[in-house]
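Peer 1: Sequence and predicted structure are below.
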Amino acid sequence: MKISAVLMAPVPLPKAYFFRDSDYFQYDIGLDRADPGYPQGTAGDWPGIWKEGFDTGASAGMKAYFFKGDQYTRLDLLTRRPDDGYPKPIDGSWPGVWKNGIDAVVFWNADVAYFFKGNEYIRYDLKANKSVDGYPKSIESTWPGLWKEGIDSAVVWNNGKAYFFKGDQYIRYDIAADRADAGYSLAIASNWPGLEPLSAKTSFDPVKHGFKFVNSFDIDPRLFGSKGKKWAFGLCGGMCSGAIARWVNKEAIPDLTHVPQQKCPELDLFWELFGRQAFTLFPDVWLQVVEWQASPDVDASIPPVAVGGISTQPVNFTGLGKRTAVQWSKLKELLEKGTAAVLVLIRASGDEDPSENHQVVAIGYEMPTLYDIRVQIYDPNHPGTTQELRFDLSDPEKRKINGTETDGKAFRGFFIDLEEGRPYIPADPTIAGSK
């Protein structure tokens, strides 16, 4: 998506404003991320800008300039309102600049501005209020490391650098060295948090790589030397582990559309899933499930208590929000590498039935905004479809993450159980009861 303009807020505000179509973002320079609650529409906050968008813009001191076609307008940065008499035509106001529109403009310092169009640029003398003789020139001839054409916007930052934007990429330019820094261009989404939607996707497809039957098993107790009625429960962890293993090893998923029967020839698959279920839970993961389930949703503490003249130490509890934020950071990195992972979703709370918790395979993610996170999953409860987890990490220490799945079920947090490639050691078939 095109970044149409970047404005620096008036000193001493440590903010910048990024414009995209008819939206804008307020960016915290110190925290290096977009502020919560953005993007917002320009129509209400920036009166005087064309409502349907503009070509480009930049700021100089206390003023902001926006260009659209053969027109431009000037706004006061404090009030964000247009100065009297605007918009005006470029022709007559910016001598020597292209009359029918520009691609980008940047105010380099108090004396110089640069205008870009196509593969050319113009150096503009702000004090003389005219373009410098000998221009336009080709971008390629004078801006080492910059794109040869098609710049969308540019801004001089407060760190001796200028940043140029084109499409979903940007280049950092060293002003003193007069050249682009090595290693650029880079993705805007990955380096300017909150400005562009982030996404990543593995090649795992629930239709191709997920089991075709629903996670609902009636277990014959005689397989375990017991008697009585059948046991009804799920093997979500086993199905997730088994699906990932086949995907990694490029093995076909079984064609069964019903749960494997507990007799030959389907008994082997049943025992595999049962064994994998145990592998994904016991012993450490099960203890972690219980511990997470007993934890509060947000950070909490028990203040010190005076007993017999002696005060106890305060006890602090880390909530599932903060813990999930840590796990999300790890999961995001895995998914960006194309690595799927089994997640344990914590649905139960306190002393509720731990079996209410669930396991799924994370296969991709999208972040429409910095804190609105959506993770695509394979859920054994919903074969043949891609489900989605949604949660909010805008304030995980103080506010619930409000996690929900596509099917409407809520979860309080999650942690990574298995990454693809972790070796699974199947049970001895003579012990497991296979044929």
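Peer 2: Nice, I can see it. Residues are numbered from 1 along each chain as shown.
Peer 1: residue ranges for the helices of the protein, please.
Peer 2: Assigned by DSSP state H, the helices in the chain fall at 42-45, 139-142, 188-191, 206-209, 236-248, 267-281, 284-294, 320-336, 429-432.
Peer 1: Kindly compare burial across the ones you listed and name the winner.
Peer 2: With neighbours defined as mean count of other CB atoms under 10 Å, these peak in mean count at helix 236-248, which reaches a mean of 24. The way it works is simple: take the backbone N, C-alpha and C, and place the C-beta from them, glycine included.
Peer 1: which outside residues touch it?
Peer 2: 203-204, 209-211, 215, 251-253, 272-281, 340, 342, 358-361, 378-381, 417-418, 420-421, 424 (CB atoms under 8 Å, 6 or more residues apart in numbering).
Peer 1: Compare the mean pLDDT across the helices of the chain and name the weakest.
Peer 2: Lowest mean pLDDT of the helices of the chain: helix 429-432, a mean of 33.
Peer 1: Give me the distance between the residue positioned nearest the centre of the chain and G194.
Peer 2: For the chain, the residue sitting closest to the mean C-alpha position, by CA atoms, centre = their mean, is M367 at 3.7 Å. From M367 across to G194, the span is 9 Å (CB to CB, to the nearest Å).
Peer 1: Could you break this protein into its assigned domains?
Peer 2: Following automatic domain parsing, the chain resolves into domains at 5-195, 206-419.
Peer 1: got CSV for the helices of the chain, with distance to A16 too?
Peer 2: Output for the helices of the chain, formatted as CSV (distance: least, CB to CB, whole Å):
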stretch, distance to A16
helix 42-45, 15
helix 139-142, 24
helix 188-191, 13
helix 206-209, 41
helix 236-248, 42
helix 267-281, 46
helix 284-294, 39
helix 320-336, 25
helix 429-432, 61
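Peer 1: what about those helices, which gets the closest to S199?
Peer 2: Closest to S199 of these is helix 188-191 (CB to CB; 8.0 Å).
Peer 1: if we can go back for a sec, which one of the helices of the chain lies nearest to T406?
Peer 2: Once these are compared by CB to CB, helix 206-209 is nearest, at 11.8 Å.
Peer 1: G319: what's its closest spatial neighbour, skipping adjacent residues?
Peer 2: Nearest non-adjacent residue to G319, counting by CB to CB, 6 or more residues apart in numbering: V298, 4.0 Å away.
Peer 1: and the one you found, what does it touch?
Peer 2: V298 touches G319, L320, G321, K322, P396, E397, K398, R399, K400, counting by CB under 8 Å, 6+ apart.
Peer 1: Next one: it from W292, what distance?
Peer 2: To W292, V298 is 14 Å away according to CB to CB.
Peer 1: so what's in contact with those two at the same time?
Peer 2: L320.
Peer 1: What is the neighbour count of N159?
Peer 2: Using other CB atoms under 10 Å, the number of residues around N159 comes to 10.
Peer 1: got the contact list for stretch 152-160?
Peer 2: For stretch 152-160, contacts defined as CB under 8 Å, 6+ apart pick out 2-8, 16, 29, 56-59, 103-109, 114, 116, 162-167, 174-176.
Peer 1: Next, the distance between the ends of that stretch.
Peer 2: 21 Å (CA to CA, to the nearest Å).
Peer 1: Show me which parts of that stretch are buried, residue by residue.
Peer 2: Residues of stretch 152-160 classed as buried by neighbour count (16 or more other CB atoms under 10 Å): D152, S153, A154, V155, V156.
Peer 1: For the fourth one, name its beta-bridge partners.
Peer 2: Residues found in beta-bridge contact with V155 (criterion: DSSP bridges) are Y163.
Peer 1: now it: how far from F107?
Peer 2: Distance of V155 to F107, computed by CB to CB: 9 Å.
Peer 1: any shared contact partners between these two?
Peer 2: With CB under 8 Å, 6+ apart, V155 and F107 have common neighbours A58, S59.
Peer 1: looking at the chain, which residue ends up farthest from its center?
Peer 2: Residue of the chain lying farthest from the centroid, by CA atoms, centre = their mean: G308 (51.9 Å).
Peer 1: Please name the residues that touch N129.
Peer 2: P95.
Peer 1: and with 10 Å instead?
Peer 2: S93, W94, P95, G96 (CB atoms under 10 Å, 6 or more residues apart in numbering).
Peer 1: cool, K51 as well?
Peer 2: Taking CB under 10 Å, 6+ apart, one finds S22, G41, T42, A43 in contact with K51.
Peer 1: any weak-confidence spans in this structure?
Peer 2: For the chain, the stretches flagged by pLDDT under 70 are 1, 221, 223-228, 230-232, 312, 314, 419-435.
Peer 1: biggest strand in it, by residue count?
Peer 2: In the chain, assigned by DSSP state E, the strand with the most residues is strand 358-367.
Peer 1: now that one against helix 320-336, angle please.
Peer 2: Relative orientation of strand 358-367 versus helix 320-336 (axes from the mean of the first three to the mean of the last three CA atoms, to 10 degrees): 70 degrees.
Peer 1: Determine how far strand 358-367 lies from the middle of the whole chain.
Peer 2: With CA atoms, centre = their mean, to the nearest Å as the basis, strand 358-367 stands 13 Å off its chain's centre.
Peer 1: Likewise for stretch 303-310?
Peer 2: 45 Å.
Peer 1: same check, this time on stretch 149-163
Peer 2: The chain centroid and the centroid of stretch 149-163 are separated by 24 Å, computed with CA atoms, centre = their mean.
Peer 1: What of stretch 213-224?
Peer 2: Using CA atoms, centre = their mean, the offset of stretch 213-224 from its chain centre is 39 Å.
Peer 1: which non-adjacent residue is nearest G118?
Peer 2: Here the residue nearest G118, using CB to CB, 6+ apart, is E149, at 5.4 Å.
Peer 1: What are the neighbouring residues in contact with that neighbour?
Peer 2: So E149 contacts D103, F116, K117, G118, N119, E120, S138, I139, E140, K166 (CB under 10 Å, 6+ apart).
Peer 1: Distance to I49 added to the residues you listed, as JSON lines?
Peer 2: Below are the contacts of E149 laid out as JSON lines (distance: CB to CB, whole Å):
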{"residue": "D103", "distance to I49": "18"}
{"residue": "F116", "distance to I49": "20"}
{"residue": "K117", "distance to I49": "21"}
{"residue": "G118", "distance to I49": "24"}
{"residue": "N119", "distance to I49": "28"}
{"residue": "E120", "distance to I49": "26"}
{"residue": "S138", "distance to I49": "31"}
{"residue": "I139", "distance to I49": "27"}
{"residue": "E140", "distance to I49": "32"}
{"residue": "K166", "distance to I49": "22"}
